[in-house]
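# Provide a 3D model corresponding to the input given below.
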Amino acid sequence: MAIEFTKYHGLGNDFILIDNRSSSVPVVTPEQAIKLCDRHFGIGADGVIFALPGENATDYTMRIFNSDGSEPEMCGNGIRCLAGFLADLEGESRNKDSYRIHTLGGVMIPQILPNSQVKVDMGLPRLLAGEIPTNLAPDKEKVISQPLEVAGQTWDVTCVNMGNPHCITFVEDVAAIELESIGPKFEHHPVFPQRINTEFIQVVRRDYLKMRVWERGAGITLACGTGACASLVAGVLTGKCDRAATVELPGGPLQIEWSEVDQRVYMTGPAERVFTGKL
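Numbers count the residues shown, from 1 in each chain. This next block holds a predicted model:
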């Protein structure tokens, strides 16, 4: 059976999108996803995303397999791409601009905006060590500016869960970070029992951050939406940035806000269709 797909990217963080609305079980296995994501022998992507039937009064369910076959709880750039994909699937029958999407990280609400932009209500950041999870602190305490030794160097880290776990550290020059070598050491550090996404942040101004990321299960990527959200939250918690800022990633900028009104995090950025095909 041929499987149709659409390739999307959010600031270069690219995904294979599959219409899986007829079944609650992904039509592609993690092993097959690894092959599809291979940039030399497959389609090439950071992950495969499935649009499944909704659960618990949601419109749709999102599941994603990373390029290494692992399954993350959520993906910020991915959910923007999924929203654009769903809008394309519905076409002229679409009667609303936002969706309630069930994910393993909770319910996310993306809103379709003009010019391929999508604004996502990413929900409340989870800050307790037990929610990350990490054993850097007792389960009921926050991990803010805690020392962590990685590769013989002590890093000042703050941890945030935005539907998936993040470790954020602030540096003087983000371009100087040897991401390919240090990233895996953070990801697999024993203080993170479910592994970790790691963001290296340079504060240019209080409303402008530069970010590079090592993603759990994907490695170096051009953008990470949940990571940008987590980084702004970490910047606010440590007094380094405002509650609304531009986060500049290698693939381009995202607009992030941690609302003082409802304490929810909002992310705005592009979702671009690249091409369609059949497997």
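# low-scoring stretches of the protein, by residue?
Applying pLDDT under 70 to the chain flags residues 1.
# so where do the helices sit in it?
Counting by DSSP state H, the chain has these helices, from start to end: 30-37, 76-90, 179-187, 225-237.
# got a list of what the closest residue to C224 other than its chain neighbours touches?
Spatially, and ignoring its direct neighbours in sequence, C224 is nearest to V213 (4.3 Å; CB to CB, 6 or more residues apart in numbering). To be clear about C-beta, it is placed using only N, CA and C from the backbone, and glycine gets the same treatment. By CB atoms under 8 Å, 6 or more residues apart in numbering, the contact set of V213 is N197, T198, E199, F200, I220, T221, A223, C224, G227, L249.
# who wins for neighbours among the residues you listed?
The member of the contacts of V213 that has the most neighbours, counting by other CB atoms under 10 Å, is C224 with 35 neighbours.
# didn't it look like it was pressed against T198?
No - using CB atoms under 8 Å, C224 is not in contact with T198, being 9.8 Å away.
# hang on, the earlier thing: will you turn the contacts of V213 into a markdown table that also has distance to A83?
Shown next, in a markdown table, are the contacts of V213 (distance: CB to CB, whole Å):
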| residue | distance to A83 |
| --- | --- |
| N197 | 21 |
| T198 | 26 |
| E199 | 23 |
| F200 | 28 |
| I220 | 25 |
| T221 | 19 |
| A223 | 16 |
| C224 | 17 |
| G227 | 18 |
| L249 | 19 |
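# From S259, how far out is the residue nearest to C224?
23 Å (CB to CB, to the nearest Å).
# cool, E92 as well?
33 Å.
# now V118
V118 is 18 Å from S259, by CB to CB.
# more crowded one of the two?
More neighbours surround V118 than the other of V118 and S259, with 24 against 12 (other CB under 10 Å).
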